[in-house]
Structure formats: structure tokens, C-alpha cells
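# Got a predicted structure here, sequence first:
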Amino acid sequence: MRERLDHAWRVFGTAVSFAAFGLGGALLGLLVFPLLRLAVRDPARLGRLARRLVQRSFAGHVWLMRRLGVMTWEIHGAERLRRSGLLVLANHPTLIDVVCLIGMIDEADCVVKSRLATNPFTRGPLRAAGYVFNDNGAGLVQDCIDSVRSGKNLVIFPEGTRTPRGQALGPLQRGAANIAIRGALDVTPVLIRCTPPTLGKGEKWYRVPSRRFHIRIEVLPDIAVAPFLAGSAEALAARRLTEHLESTFKTELARAGAGS
């Protein structure tokens, strides 16, 4: 009986969390950000304030999920995310890891789908925050490089989508490595584990796991990009960096027991 009550509570808590996230997004998009755009005319200052609001709202969402007993979490090496001008590349096991990362990183930037720019709930916050949209084609890589060079911290998930169920890591796309290579930007890898697995690719929100899920975030040592650039064409350097990043993630996940 106790286990059933605990399960029912976590389903309820998850529903409240998703409802709060949607309501908060609507409130920010339809009320807060329009007022902010009227009050702040300087685009740079508007962007900073908007990104801070998004960060605080995401951090508040994580706090809510923890208070409701839906999840627990831990972070190792958080101080290394307090630098500026980072290219943060993370694996993507669960939907909530995006919220966790953005919620803890100052001046966080990310690549978002262009269709969200027309969504009435997300259009205002995303445009005010100055996030990179993925509809710029050939200019997308340069937009990402410019973001990091301006002092923002760009968060990218090289898998391109959430890790497929039953796998430790999905195949990595080369886009993130191309940004690092073309911009000569060192990489800050972030390893994320979610146990038990939940909110993965294709999973319904109400399919809660058998117990509270735990998010563990570990900031790994930076990967210097210079060795990959030495004597190599950009395409080859990007491929080698992608392979190295994939090997790093798989090794660390196996070490932590996530790949078993």
C-alpha cells in the first residue's frame, strides 16, 4: 500500500511540475517578457535580463520537483560552470537535464528549434533572451561561435535528441565539434546520468519510475581543441574531436555503471 501511495504521489507531483512549467512559460511569454521589452530598450541589457529570468525560472522548476519528491540531484564541479565563454557539450539522457543545466549556468545560451519562435508561449522569452535559432543554415555555426566569443555559455547536446531507451549514449552529430574546430574553442564536457531512467525519448510523462529519479551531473575536464587542429583539415579535425568526445562519454558512463 505504501508503495502504491508513493507511486500515486509521484504521478501527481510530476503532473503538477509539468503544469507549473507550462503555466510559467505562458506567464513569462504573454506578460513578463512583453513588459520587459517595453521597459528595456537596450538589446544587450534586455538579453542579459531575459537569460537571467529563464535561468531563475528553470532553477525554480528543479526546486519544485525536488520539493514534491519527484527527483533528487547532485552536481560535481559546478564551480567550473561559473566561467564565461564556455562551449558546454553534454549527453542528453532525459528531458529534465536541459532544465537542470540552464538553471545552473549564468548567461546560458542554446540552439533552439525555429518553430518555437512562432509559438505564442515561447516566442517572447526566446527572442528576448537572444538564443540561437537553428534556421540560419550555413550561418548557424558562426552564430554559435559568436555567442561563445561574446562571453555567453553555449549549451549543446551533440546527440541531437535524447538518448535512445536502453542505450548509454546515442550517436553524436558533428555539428558541435564543427563549432569547436572552426571557432578554435575548447570544450567543456558535462556527463549526466539519470537513475532510474525516465522522461527519455518517446516516454510519456506519467510513466514514472519505480522510485524517485536521481540526476547526477559531473563537469569533466576541458578538452583542448588545439591538438585536433594541428595539421588537419577542419572536416577531419571535427571527426576526430567527435570520436574523442564520444569515447570520453562512453568511458565515463561505463565507469559510473551507466553502461551496464
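That came through fine.
# Give me the secondary structure label for the residue nearest to the spatial centre of the chain.
The residue lying closest to the centre of the chain (C-alpha atoms, centre = their mean) is residue 98, at 3.3 Å. With DSSP: H, G, I helix; E, B strand; the rest coil as the basis, the three-state label of residue 98 is helix.
# Now do the same contact list for it.
Residue 98 makes contact with 92, 110, 155, 157 under the criterion C-beta atoms under 8 Å, 6 or more residues apart in numbering. In this view, the C-beta of every residue, glycine as well, is placed from N, C-alpha and C.
# Which ones among the residues you listed lie within strands?
Within these, residues falling in strands by DSSP state E are 110, 155.
# quick one: which of the contacts of residue 98 is nearest to residue 103?
Nearest to residue 103 out of these is residue 155 (C-beta to C-beta; 11.0 Å).
# Relative to residue 3, how far out is that closest one?
Separation of residue 155 from residue 3 (C-beta to C-beta, to the nearest Å): 37 Å.
# Pick out whichever of these two has more residues nearby.
Between residue 155 and residue 3, counted using other C-beta atoms under 10 Å, residue 155 has the larger neighbour count: 21 against 9.
# Show me where the stretch 151-260 of the chain dips below the pLDDT cut-off.
For the stretch 151-260 of the chain, residues meeting the criterion pLDDT under 70 lie at 258-260.
# Please enumerate the helices of the stretch 1-150 of the chain.
Assigned by DSSP state H, counting those that start in this stretch, the stretch 1-150 of the chain shows helices spanning 2-27, 33-39, 43-67, 96-104, 123-129, 140-149.
# Take the ones you listed and write them to JSON lines, including distance to residue 188 and mean pLDDT.
As requested, these are arranged in JSON lines below (distance: least, C-beta to C-beta, whole Å; pLDDT from 0 to 100):
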{"stretch": "helix 2-27", "distance to residue 188": "26", "mean pLDDT": "90"}
{"stretch": "helix 33-39", "distance to residue 188": "29", "mean pLDDT": "87"}
{"stretch": "helix 43-67", "distance to residue 188": "17", "mean pLDDT": "93"}
{"stretch": "helix 96-104", "distance to residue 188": "11", "mean pLDDT": "94"}
{"stretch": "helix 123-129", "distance to residue 188": "20", "mean pLDDT": "76"}
{"stretch": "helix 140-149", "distance to residue 188": "10", "mean pLDDT": "94"}
